[in-house]
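[1] let me see the structure of the following:
(one chain, ligands or ions: 1)
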Amino acid sequence: MRILSGIQPSGTIHIGNYFGMIKKMIESQDDGELFAFIASYHALTTVKEKEVLEKNIFEAAVNFLALGMDPEKSTFWVQSDVKEVLELYWLLSNHTSMGLLERAHSYKDKTAKGIQANHGLFSYPVLMAADILLFDSNIVPVGKDQIQHVEMTRDIANSFNHHYKTDILVLPEAKVDEVVATVPGTDGAKMSKSYGNTIDMFGTKKGIKKQVMGIVTDSKELDEVKDYTTCNIYKLCELFMNEDELKQLQQRYATPGEGYGHFKLSLLDKINEHFAPYVERRQHLLDNPKEVKEILEFGASKARKIASVKMEAIRDIVGL
Ligand code: TYM
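    A predicted model of the protein is given here:
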């Protein structure tokens with residue numbers, strides 16, 4: 001079974017990405033053949049500065065590796081190092097209807113937020129389909145926002161297969177963990193780089209504290225009983241605390257005397273504690289960019305081998 005997913009290096013990776021996708025990917029290294037990549041071409045839809053893109057790609061790689069991506073066991077690469085994906089993207093474009101792309105939520109959301117509509121943004125799902133189909137992926141672990149893109153991949157693969165009377169493109173399935181399908185941000189909306197409501201995994205202590213202290217709550221006073229079921233702090237605590245810890249926290253909400261500031265500090269401790277085991281390895285990688293580069297080159301060469309064989313077979317089917 002092949003498991004594949006990617007992440008855009010479009011900013012600092014946040015705990016929404018971590019719980020929505022990275023954690024599941026790292027854990028799935030024992031369940032099947034894992035393919036994980038940094039979606040550098042996709043990031044071009046929003047990151048237009050060379051230095052920023054380079055830094056983001058490097059940091060995304062460092063974070064994945066620090067969190068436990070094993071480059072020997074799995075295949076881990078930067079999307080733009082395996083150029084076959086662009087060829088498949090073009091072949092698939094000719095089997096993708098305008099109507100399908102016009103229905104994409106992500107495109108509609110992004111343009112509604114003021115991101116300028118261009119062809120790259122519009123055809124983003126076709127490139128994503130190429131990523132998935134090039135590697136015969138069976139399972140695609142993603143957060144809720146990407147489910148539609150995986151469904152579109154199936155539609156595109158079906159219409160290609162149907163047209164050429166083949167089954168060369170393997171239909172993938174999205175795998176979404178309901179508990180963390182949408183991790184909320186500091187304002188309660190979906191945590192997202194583009195909404196400015198994120199909490200970093202490896203930011204400075206001060207930076208993370210500022211983000212946590214900025215979580216939006218109602219204005220109940222210390223001496224009032226508080227409702228954990230509607231509280232943004234509690235929703236984030238659910239990601240980091242076990243059942244006993246959550247029960248204790250519920251009691252603190254029910255007992256007057258503590259304010260939201262106290263609950264935020266408890267959450268902050270849990271966040272720091274959760275990521276502490278990875279800090280040293282991460283720092284080592286940050287200090288050794290050559291090592292990271294070699295790991296990524298090794299991953300790209302493994303991915304390229306598979307991609308070139310697949311692409312050769314697809315070219316043959318279409319008559320190229
Ligand atoms: P990206 O970079 O936006 O997000 C990476 C992963 O993180 C998940 N995610 C979340 N999950 C839960 N709660 C949140 N608040 C949250 N925010 C983000 C996303 O669902 C995603 O799984 N298009 C993809 C990258 C990509 C890709 C692919 C993925 C390119 N090609 C092929 C799978 C297969 C994206 O934009 O991810």
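[2] and Ala307, how close does it get to the ligand?
    Ala307 is 14 Å from the ligand, where distance means Cβ to the nearest ligand atom, to the nearest Å. The C-beta positions use only the backbone N, C-alpha and C, and glycine is treated the same way.
[3] ok, that residue - contacts?
    Residues near Ala307 by Cβ atoms under 8 Å, 6 or more residues apart in numbering: 82, 84-85, 134-135.
[4] so which of those residues sit within helices?
    Here DSSP state H is the test, and those give 84-85, 134 as lying in helices.
[5] and the residue in the chain positioned nearest to the ligand, how many neighbours does it have?
    Closest residue of the chain to the ligand, Cβ to the nearest ligand atom: Gly20 (2.0 Å). As a burial measure, the neighbour count of Gly20 was computed by other Cβ atoms under 10 Å and equals 25.
[6] do the same with Ile208
    By other Cβ under 10 Å, the residues close to Ile208 number 19.
[7] go ahead and name everything in contact with the helix or strand hosting it.
    Secondary structure from DSSP states H and E places Ile208 in helix 205-213. Taking Cβ under 8 Å, 6+ apart as the criterion, the residues outside helix 205-213 that touch it are 186, 198-200, 203, 261, 264, 267-268, 271-272.
[8] now, those residues that are in strands?
    When strands are assigned by DSSP state E, not one member of the contacts of helix 205-213 lies inside them.
[9] now these as a markdown table including pLDDT and neighbour count?
    Putting the contacts of helix 205-213 into a markdown table (pLDDT from 0 to 100; neighbours: other Cβ atoms under 10 Å) gives the following:
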| residue | pLDDT | neighbour count |
| --- | --- | --- |
| Thr186 | 97 | 20 |
| Thr198 | 96 | 22 |
| Ile199 | 96 | 24 |
| Asp200 | 94 | 17 |
| Gly203 | 85 | 17 |
| Gly261 | 96 | 11 |
| Lys264 | 97 | 20 |
| Leu267 | 97 | 23 |
| Leu268 | 97 | 17 |
| Ile271 | 96 | 22 |
| Asn272 | 95 | 14 |
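[10] ok, and of those residues, which contact the ligand?
    Taking Cβ under 6 Å from any ligand atom as the test, the ligand is in contact with none of those.
[11] returning to what we had before: skip ahead from the helix holding Ile208 and say which helix or strand is next.
    With elements assigned by DSSP H and E, the helix or strand that comes after helix 205-213 is helix 232-240.
[12] what are the contacting residues of the following helix or strand past that following helix?
    Sequence-wise, the next helix or strand downstream of helix 232-240 (DSSP H and E) is helix 243-254. Contacting residues not belonging to helix 243-254 are listed as 225-228, 231, 234, 237-238, 241, 258, 262-263, 266 [Cβ under 8 Å, 6+ apart].
[13] near the ligand, which residues of the stretch 101-250 of the chain? Just list them.
    In this structure, the stretch 101-250 of the chain approaches the ligand at residues 128, 131-132, 140, 142-143, 145-146, 149, 180, 182-183, 190-192, judged by Cβ under 6 Å from any ligand atom.
[14] most neighbours out of those, which is it?
    Neighbour counts for these peak at Ile132, which has 29 neighbours (criterion: other Cβ under 10 Å).
[15] residues contacting that residue?
    Neighbour list for Ile132: 4, 140, 150, 153, 172 [criterion: Cβ under 8 Å, 6+ apart].
[16] Met152 versus that one, what's the distance?
    Here Ile132 is placed at a distance of 10 Å from Met152 (Cβ to Cβ, to the nearest Å).
[17] next one: Asn94
    Distance, Asn94 to Met152, by Cβ to Cβ: 15 Å.
[18] out of the two, which sits in the more crowded spot?
    For Asn94 versus Met152, neighbours defined as other Cβ under 10 Å are more numerous around Met152 (19 against 11).
[19] quick check: closest non-adjacent residue to that one.
    What sits nearest to Met152 in space, not counting adjacent residues and going by Cβ to Cβ, 6 or more residues apart in numbering, is Pro125, at 4.8 Å.
[20] how deep is that neighbour tucked in, by neighbour count?
    When neighbours are defined as other Cβ under 10 Å, Pro125 has 25 of them.
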